[in-house]
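Trainee: with the input below, show me the fold.
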Amino acid sequence: MRKMLPLPYRGSTIQLAVALLLLLSVTSRADWRSRCPRGCRCTQNAEEHLGLNLASCKGVSSVPALGPETQAIRIRDSEFGRVPDSAFQQFKNLIYLSIRMSNVLEIEPDAFAGLEALEHLLLSHNLVENLDNRTFQTNKMLRTLGLNDNRMEKVDDRLFWNNSLLEILDLSNNRIHSINPEAFKQNRKLYFLNLSGNNLTHVDVAILSEMPNLRIFQLDDNPWHCDCRLTPLREWFVGKSVDLTQTRCHEPETLRGRPWSEIKSEEFVCSP
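Mentor: Residues are numbered from 1 along each chain as shown. Model (predicted):
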């Protein structure tokens with residue numbers, strides 16, 4: 001019969017194993033920080049990122065040469081220009097990615113391919129005009145997406161098709177004038193949608209039918225044409241008791257500047 005180790009010894013062995021694992025983890029993190037490239041600051045205890053391996057970079061023109069242990073990347077005040085295909089494919093553990101105020105003009109269709117763990121993607125304050133329908137196709141874990149303050153003009157029906165876990169979507173301060181009625185068909189978990197500060201005159205109320213969890217929907221600062229085509233959207237808002245004091249008509253001239261909340265449904269009329 002095989003002899004069992006005395007309990008104190010077995011306990012000590014387990015404690016030693018745990019201690020070694022912790023030491024290896026700390027050493028690995030320290031090694032990751034020591035290899036931080038020029039232009040970046042690598043930390044592990046950033047509270048807003050829940051202790052992730054975070055690299056904060058400024059003044060870079062391409063993807064920094066960071067290790068695969070990187071879990072969060074924050075790039076700003078840079079001259080990126082173009083984000084090429086597979087630009088971040090080496091970061092299999094990436095959960096958070098922010099490229100803001102970096103003069104991004106073009107994002108190639110497979111720029112974020114391979115980022116299957118990505119949950120938060122912020123691309124605001126850039127110069128992006130168009131996005132291919134493949135752009136976020138492999139980012140199925142995406143929960144937050146910030147595309148605000150760019151130059152986008154439309155939202156196609158399949159742009160967010162594979163992002164069924166998406167909860168927060170900010171498209172404010174672009175140049176959007178057209179939204180496909182099925183643009184958010186697969187985003188049933190979406191509870192925050194910001195479309196303010198665009199060039200929208202009408203929006204089909206059908207876009208709301210597939211978003212049962214929507215709680216915050218911002219539409220202010222658009223050149224709304226308040227006629228009969230806008231009535232269904234306005235009625236949906238009234239039925240949800242949403243604050244419409246900041247959502248105002250631009251056309252017709254008789255209603256210009258008036259908030260939706262002060263206009264009766266029968267005033268939303270179309271010319272004969």
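
Trainee: point out where this protein drops to low pLDDT.
Mentor: For the chain, the stretches with pLDDT under 70 are 1-31, 45-50.

Trainee: give me the most central residue, it.
Mentor: With distances taken as C-alpha atoms, centre = their mean, Leu145 lies nearest the centre of the chain, 0.7 Å away.

Trainee: what's across from that one in the sheet?
Mentor: Beta-bridge pairing for Leu145 (DSSP bridges): Leu121, Leu169.

Trainee: isn't it up against Leu165?
Mentor: No - between Leu145 and Leu165 there is no contact under C-beta atoms under 8 Å: 10.7 Å. For glycine as for every other residue, the C-beta is placed from the backbone atoms N, C-alpha and C.

Trainee: can you give me the helices for the stretch 151-272 of the chain?
Mentor: Applying DSSP state H, counting those that start in this stretch to the stretch 151-272 of the chain gives helices spanning 231-239.

Trainee: what about the strands in it?
Mentor: Assigned by DSSP state E, counting those that start in this stretch, the strands in the stretch 151-272 of the chain fall at 154-155, 168-170, 178-179, 192-194, 216-218, 224-225, 249-251.

Trainee: which strand or helix spans Asn133?
Mentor: Per DSSP states H and E: Asn133 is located in neither a helix nor a strand.

Trainee: show me what contacts it?
Mentor: By C-beta atoms under 8 Å, 6 or more residues apart in numbering, the contact set of Asn133 is Asp156, Arg158, Leu159, Trp161.

Trainee: thought the third one was touching Gln137?
Mentor: Think Leu159. No - counting by C-beta under 8 Å, Leu159 stays clear of Gln137, with 9.5 Å between them.

Trainee: the two: who's more crowded?
Mentor: More crowded of Leu159 and Gln137, by other C-beta atoms under 10 Å: Leu159, with 21 against 18.
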